[in-house]
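build me a model:
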Amino acid sequence: MSQRQPMGQASLSWAGQQLVFLPERALWVPEQGLLLIADVHLGKAEHLQSHGIPLPSDGDAENLGRIEGLVRRHHAAELMILGDLIHHPRGVSALLRQEVQALMDRIDCPITWVEGNHDRGSRLGPLQGEPSQSRQGLWLSHEPEKPPAGLLNVCGHLHPVSTLRQMSDQLRLPCFSFVKTIPRLVLPAFGRLTGGQPAERTSEQWVVADGTVLALPKSLRRGVPLAGRRRRRSA
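I've put the predicted structure just below:
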């Protein structure tokens, strides 16, 4: 059962704990001191620049700063990245490696990196991708997976967005998407330089807008049917 929280937050109750949706597009589990993010896509601007697409290169510093701020603000006991920490190995510069190492030196909590499809075989200093794993009632993966009995699959990969329409106006907002029948919670992409695809239309959705997380009424939910969703290859 979901409920609104103060300060622009919302949450979902699961296995006796609160999963708090943060406006920074992260998930906070206070009972475990666990902070979860997905799809940061570090180095994406550099990778696209190598293909002749002119983009600014300051996005990684912003993303890393947001991560540090979240860890400090919530006094996280563990930071878990649910895949696609990087966009492509060729986009990982020496400077980015230094910045990630400096972040690890500054924050006082372990970091677990669940390997995503963009991360295959990659390392960032002492960090390397790990397989899907469980944490107190949660099955944590990058791509959607069928969770073991009794566990909630929390994942990324799909970059879910809600599309709001009124007459000729249309607005796409990143969202948290929850399908109770599986059960599965998909996190919005954390990285700024990421696209999105419609959330599953029967899912409960919480949109992120103007520093606030808001439950989307059922009448406004749009998206794709679960059975028709294709596996996402890239982002």
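
can you map out the helices along the protein?
Using DSSP state H, the helices assigned to the chain run over residues 44-49, 59-74, 94-106.

now for these, which one comes closest to Ala149?
Using C-beta to C-beta as the criterion, the shortest distance between Ala149 and the helices of the chain is 29.9 Å, found for helix 59-74. C-beta coordinates here come from the backbone N, C-alpha and C atoms, glycine included.

what lies in contact with the closest one?
With C-beta atoms under 8 Å, 6 or more residues apart in numbering as the contact definition, helix 59-74 has outside contacts at 22, 24, 26, 28, 30, 33, 35, 37, 40, 42-45, 76, 79, 96, 99-100, 103, 106-107, 109, 190-193.

any low-confidence regions in this protein?
Low-confidence regions of the chain, defined here as pLDDT under 70, cover residues 1-9, 44-59, 87, 89, 91, 166-169, 193, 221-235.

any idea which residue sits dead centre in it?
Ala38 (2.9 Å; C-alpha atoms, centre = their mean).

select the longest strand from this structure.
Longest strand in the chain, counting residues (DSSP state E): strand 169-179.

list the buried residues of it.
By 16 or more other C-beta atoms under 10 Å, the buried positions in strand 169-179 come out as 173-179.

same question, stretch 106-114
Neighbour count says stretch 106-114 has 107, 109, 111-114 buried, by 16+ other C-beta under 10 Å.

my guess is Ile20 meets Val29, correct?
Just to correct that, residue 20 is Val rather than Ile. Yes - Val20 is in contact with Val29 according to C-beta atoms under 8 Å; the separation is 7.4 Å.

neighbour count: those two, which is higher?
Val29 (25 against 18; other C-beta atoms under 10 Å).

give me the distance between the more buried one and His74.
Between Val29 and His74 the distance, using C-beta to C-beta, to the nearest Å, works out to 10 Å.

good, we can wrap up now.
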